[in-house]
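Participant: Dropping the sequence and predicted coords here.
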Amino acid sequence: MKPGSRVQNSSFLLSAFPVSNVSYFPPCFFFATHVSYLPPAFVIFRPLFSSLIKYRQAFLVGLQSNLVYRWNFAVRGFFSLFHLAVVFILWSAAFEGNVNIGGFDLRQTLTYFITLLVLQFFISAFNEDYQISEEIRNGLINQFLLKPINYFMYRFSIFVAARLVSGGLIFIPLLMAMPFLYEYLTYPVDGWRFAIGIPAILLSALIQFSIAYCFGMLTFWFLEIQGFVILSMAVETVLGGQIFPLDLLPEWLFRVAQFLPFYYQMYFPCAIFTGRIDYGMAIQGLGLQVLWVLALLALNQFLWRRGLRRHTAVGG
Amino acid sequence: MLHYLKIWLASARYSIMRTLMFRGDFIVWSLVEFFWMGVNLLLISVIYEHTKSIAGWDKYEMMLLVGTSMLIQRFLMGFFWSSIFEMGRNVRSGHFDFFLAQPGNIMFMATTRKLDPDGLINSVVAGGVVIYAAHQLNLTPSVVDISLYGLLVICGIVIHYSLLVMSISLVFWLTSAQGIEGTYFTLTEFSRLPREAFKGVVSQGLFVWALPMVVVSNAPARTLLYGFQWEWTLWLVVLAMVWFSLAVFVFHRGLRRYTSASS
């Protein structure tokens, strides 16, 4: 996976935010002078709504620009089926002569990997780290420093749009393979799995993005981050449960993994939905996941502020 | 032949000097490949914590197979990957003109220009995995078996090289070959599986017979495990010749379509 294999330039997105389109007045300025008849709750939240509109625009532009790459995502999704074939062949062979591995049968194990594939396309950070890195290196972030736009929120809005597109498109190859996959799918039907699993997915997406954002921020210190990213990807892939379900690790190692952020990147929501962890573990995990989200958000802010001190805006 | 060897040595010298200039980069990329090899071995270790055999292959036999597959891939990465990957970009950007003007076979010039010492360093690690697994299995291969293993590994490299050249040659028709390398990596995953694990008609037909991924790693591994088996040896040698011929054909057909770029 050497030179530039995940790099995709996203500078075209920035054209959606020409300086002239952005108001330099705080949103509350307009409100106080023109729309004072609105209810008090709206008065308080008006700035919030106004800023959300900005990011909604970023989201919509992100949606359009990612739809341009729909074929890339679809092809990527199609080739994920080959990866799934490797998983099926390997684990089917491993289950020969074993009814259970780690307390789960073949169908449950394969369900885990199919769910993982769907989640990957919905919440994984694909190349966000490179996009951020490129924007810093090329000086494209300079224009954000002049606008009332939070760079993290801007990038996150685009990330959400991108994952909605890629997540939606993975269903095309998956539905094509469904006549074959269907007999392997087995999900536990507990209400709490949805109640905890859905927030867990959203928080996982936030962790995924935050880690990618942190790596992007490293560009302030290092010219080239690709090596770090792929190095970290190996660790994330293993400790996120993408190579094998983490519960197959020795007990002590599994315990250690639960305290690391990678566990909450992918394994945690996947394990909730596929019945690999029980209610107690899920509740405890959700608490730890929230803590990791907060820690990573704080780290993002810290790196952004520190990085900007080193940043030299060059060019026009 | 001597002429090409001289050219290749000059390119190798240039690549090594370049690596010495970017030592940090070299260390990071060596670690990257080392970690990913570790990931594959970890998967094997974890599965064998819970089962005794995968399609009749025990833990160290499987490690030998995975080690062989990694060895072939590391050699490919070390000797050819960067050049072939850049070929895709060069055709798009028009920089491919540079290779057309060089005194030698274009396919040779374009695909052997850059060496990646980090891939080559890790081929030593992959070789170490094979030796470790062979030692655990108490194998005592003869000199002939080891030579044959070497020959089959070379055939494997030729097949991987041919597949990669063919995939990247699509750039002559498609203009953009972005993401094709991902396809190649997905396909190489099959080479870490034993032939016996492929049970279905479709999986056997596609991955064992149509595509050479499985035989590429299985043939050399079996040679170390069970000694010379003529059917596997013959199969791989013939496949290497067929796929290489196909790659030469596709590359040159593509070359006819090359129109350069810019002014």
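Facilitator: Nice, I can see it.
Participant: Going by C-alpha atoms from here, please, whenever you check contacts or count neighbours.
Facilitator: Noted.
Participant: Next up, phi/psi of A:Ile101, please.
Facilitator: phi -130, psi 120 (degrees, to the nearest 10).
Participant: Flag every residue of the stretch 151-300 of chain A that's near chain B.
Facilitator: When proximity is defined as CA under 8 Å from any CA of the partner chain, the stretch 151-300 of chain A approaches chain B at A:227-228, A:230-231, A:234, A:238, A:243-244, A:248-249.
Participant: Going by neighbour count, which of those residues comes out on top?
Facilitator: Ranked by neighbour count (other CA atoms under 10 Å in any protein chain shown), those have A:Phe244 at the top, with 23 neighbours.
Participant: give the contact list for it.
Facilitator: A:Phe244 is in contact with A:238, B:43, counting by CA atoms under 8 Å, 6 or more residues apart in numbering or on different chains.
Participant: Mind checking which of the residues of the stretch 151-300 of chain A next to chain B are in helices?
Facilitator: Under the assignment DSSP state H, those contribute A:227-228, A:230-231, A:234, A:238 to helices.
Participant: re the thing from before, farthest-separated two in the residues of the stretch 151-300 of chain A next to chain B?
Facilitator: Farthest apart among these by CA to CA are A:Gly227 and A:Leu248. That separation is 28.9 Å.
Participant: Which one of the residues of the stretch 151-300 of chain A next to chain B is nearest to chain B?
Facilitator: The closest of these to chain B turns out to be A:Leu231 (CA to the nearest CA; 4.8 Å).
Participant: mind listing what the closest one touches?
Facilitator: B:28, B:31-32, B:35.
Participant: Mind putting these into a markdown table with secondary structure?
Facilitator: Shown next, in a markdown table, are these (DSSP: H, G, I helix; E, B strand; the rest coil):
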| residue | secondary structure |
| --- | --- |
| B:Val28 | helix |
| B:Leu31 | helix |
| B:Val32 | helix |
| B:Phe35 | helix |
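Participant: Can I get the buried ones among those as something I can paste into ChimeraX?
Facilitator: The buried residues among the contacts of A:Leu231 can be selected in ChimeraX (16 or more other CA atoms under 10 Å in any protein chain shown) with this line:
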select /B:28,31,32,35
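Participant: From the contacts of A:Leu231, pick out the ones that also neighbour chain A.
Facilitator: Among the contacts of A:Leu231, chain A is touched by B:28, B:31-32, B:35 when using CA under 8 Å from any CA.
Participant: ok, A:Asp247 to chain B distance?
Facilitator: Applying CA to the nearest CA, to the nearest Å, the value for A:Asp247 to chain B is 10 Å.
Participant: Average pLDDT for the helix or strand where A:Ala195 lies, rounded please.
Facilitator: Using DSSP states H and E, A:Ala195 maps to helix A:191-217. Over the span of helix A:191-217, the pLDDT mean works out to 94.
Participant: same check, this time on stretch B:156-174
Facilitator: pLDDT averaged over stretch B:156-174 gives 88.
Participant: Going along the chain, name the helices of the chain.
Facilitator: No chain was given, so I picked chain A. Under DSSP H, chain A gives helices at A:27-34, A:40-68, A:70-94, A:106-123, A:128-137, A:142-145, A:151-181, A:191-217, A:226-239, A:251-258, A:267-273, A:279-310.
Participant: hm, I was asking about chain B
Facilitator: Under the criterion DSSP H, chain B contains helices at B:2-21, B:23-50, B:59-76, B:82-93, B:97-100, B:106-111, B:117-136, B:143-169, B:171-174, B:180-188, B:201-203, B:213-226, B:230-256.
Participant: Give me the residues contacting the third one.
Facilitator: In other words, helix B:59-76. Residues from elsewhere that reach helix B:59-76, judged by CA under 8 Å, 6+ apart: B:37, B:40-41, B:44-45, B:48, B:52-54, B:119-120, B:122-123, B:126-127, B:129-131, B:133-134, B:136-137, B:153-154, B:156-157, B:160-161, B:191-194, B:216-218, B:220-221, B:225.
Participant: Please compute how far that helix lies from its chain's middle.
Facilitator: 11 Å (CA atoms, centre = their mean, to the nearest Å).
Participant: what's the answer for the shortest one, then?
Facilitator: Mean C-alpha position of helix B:201-203 versus that of the full chain (CA atoms, centre = their mean) differs by 24 Å.
Participant: That helix: which residues count as buried?
Facilitator: Buried residues in helix B:201-203, defined by neighbour count with 16+ other CA under 10 Å: B:Ser203.
Participant: What of the second one?
Facilitator: Across helix B:23-50, burial judged by 16+ other CA under 10 Å covers B:25-26, B:28-37, B:39-42, B:44-48, B:50.
Participant: Over to the first one?
Facilitator: Across helix B:2-21, burial judged by 16+ other CA under 10 Å covers B:7-8, B:11-12, B:15, B:19.
Participant: I'd like these as TSV, with pLDDT and distance to chain A appended.
Facilitator: Output for the buried residues of helix B:2-21, formatted as TSV (pLDDT from 0 to 100; distance: CA to the nearest CA, whole Å):
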residue	pLDDT	distance to chain A
B:Ile7	86	24
B:Trp8	87	21
B:Ser11	87	19
B:Ala12	88	18
B:Ser15	88	15
B:Thr19	84	14
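Participant: Let me have those in JSON lines, adding distance to A:Ala257 as columns.
Facilitator: Putting those into JSON lines (distance: CA to CA, whole Å) gives the following:
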{"residue": "B:Ile7", "distance to A:Ala257": "50"}
{"residue": "B:Trp8", "distance to A:Ala257": "47"}
{"residue": "B:Ser11", "distance to A:Ala257": "45"}
{"residue": "B:Ala12", "distance to A:Ala257": "43"}
{"residue": "B:Ser15", "distance to A:Ala257": "40"}
{"residue": "B:Thr19", "distance to A:Ala257": "36"}
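Participant: tell me the two of those that are most distant?
Facilitator: Pairwise distances across those (CA to CA) peak at 18.5 Å, for the pair B:Ile7 and B:Thr19.
Participant: Quick one: low-confidence residue ranges for the stretch 101-250 of chain B.
Facilitator: In the predicted model of the stretch 101-250 of chain B, residues B:175-181 satisfy pLDDT under 70.
Participant: How about it: which residue is closest to chain A?
Facilitator: Sorted by distance to chain A under CA to the nearest CA, the residues of the stretch 101-250 of chain B start with B:Ala197, at 5.6 Å.
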